[in-house]
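*Asks:* Requesting a structural model of the entry that follows:
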Amino acid sequence: MASKKEPILKSDYLQFVKEIKEKIASARVTAYRGLNRELIKLYWNIGGNIVERQERFGWGKSVVEKLSKDLRQEFSDIRGYSVQNLWYMRQFYLEYKDFPNLQQLVGEIPWGQNLVVMSKVKDMKKENSISRGSSNLVGAGMSLFIRLRQKRINRQR
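*Replies:* Numbering: from 1, shown residues only. From the prediction side, this is the model:
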């Protein structure tokens, strides 16, 4: 049968609410990470598809402009398919396609931070001639990723 109801103690209830809030926050972070990984994978694939079609069919810059227009028309409620962003997706693919170690890391940080890293690596390429070896650039890129990832982890705590 039903037992006698005990009054809710304020301290017990506050602890209960705290635990539930922590679970909600944790689930949100987990969901965000999964969403981010999928978005980065999508952008990677779009960039790769653009490169592949340009190489196979000899398409020029106009394909990116046309693609942007068509995607924004079809997905008018979603941002991210501007001409500039499609160029970034293409650059993103080209920058990392030969570096599988970095590909896993790029999925762990948001798109905007990936753009910052690409910009920094591009600046480093200008400062150091490519002839010095791309391994230094890869190492520097990896270092930037690790620092950005650590900042993101620290913010979530």
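*Asks:* got a list of what the nearest residue to Phe75 once chain neighbours are set aside touches?
*Replies:* Distances taken as CB to CB, 6 or more residues apart in numbering put Tyr81 closest to Phe75, at 6.5 Å, once the chain neighbours are dropped. Heads up, the C-betas are built off the backbone N, CA and C, glycines and all. Applying CB atoms under 8 Å, 6 or more residues apart in numbering to Tyr81 gives the contacts 67-68, 71-72, 75.
*Asks:* Which helix or which strand is home to Leu39?
*Replies:* Element membership for Leu39 (DSSP states H and E) is helix 10-57.
*Asks:* Can you work out which other helices and strands pack against the helix or strand following that helix?
*Replies:* Using DSSP H and E, the helix or strand that follows helix 10-57 in sequence is helix 62-74. Counting contacts by 3 or more CB pairs under 8 Å, 6 or more residues apart in numbering; DSSP states H and E, helix 62-74 packs against helix 10-57, helix 83-96.
*Asks:* What subset of the contacts of Tyr81 is buried?
*Replies:* 67-68, 71 (16 or more other CB atoms under 10 Å).
*Asks:* Spatially nearest residue to Arg33 (excluding sequence neighbours)?
*Replies:* If you skip the residues right next to it in sequence, Arg33 has Glu108 as its closest partner in space, 7.6 Å away by CB to CB, 6+ apart.
*Asks:* Neighbours of that neighbour, how many?
*Replies:* Neighbours of Glu108 under the rule other CB atoms under 10 Å: 18.
*Asks:* Assess the claim that it and Arg37 are in contact.
*Replies:* Yes - counting by CB atoms under 8 Å, Glu108 touches Arg37, with 7.4 Å between them.
*Asks:* quick one, what contacts Asn114?
*Replies:* Asn114 sits next to 40, 92, 106 when contact means CB under 8 Å, 6+ apart.
*Asks:* which SSE is it in?
*Replies:* Counting by DSSP H and E, the element that carries Asn114 is helix 111-127.
*Asks:* before we move on, the earlier item: and the contacts of Asn114 as JSON lines, adding pLDDT, neighbour count and distance to Ser119?
*Replies:* Listed next are the contacts of Asn114 as JSON lines, based on pLDDT from 0 to 100; neighbours: other CB atoms under 10 Å; distance: CB to CB, whole Å:
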{"residue": "Ile40", "pLDDT": "95", "neighbour count": "20", "distance to Ser119": "17"}
{"residue": "Phe92", "pLDDT": "94", "neighbour count": "23", "distance to Ser119": "11"}
{"residue": "Val106", "pLDDT": "84", "neighbour count": "23", "distance to Ser119": "14"}
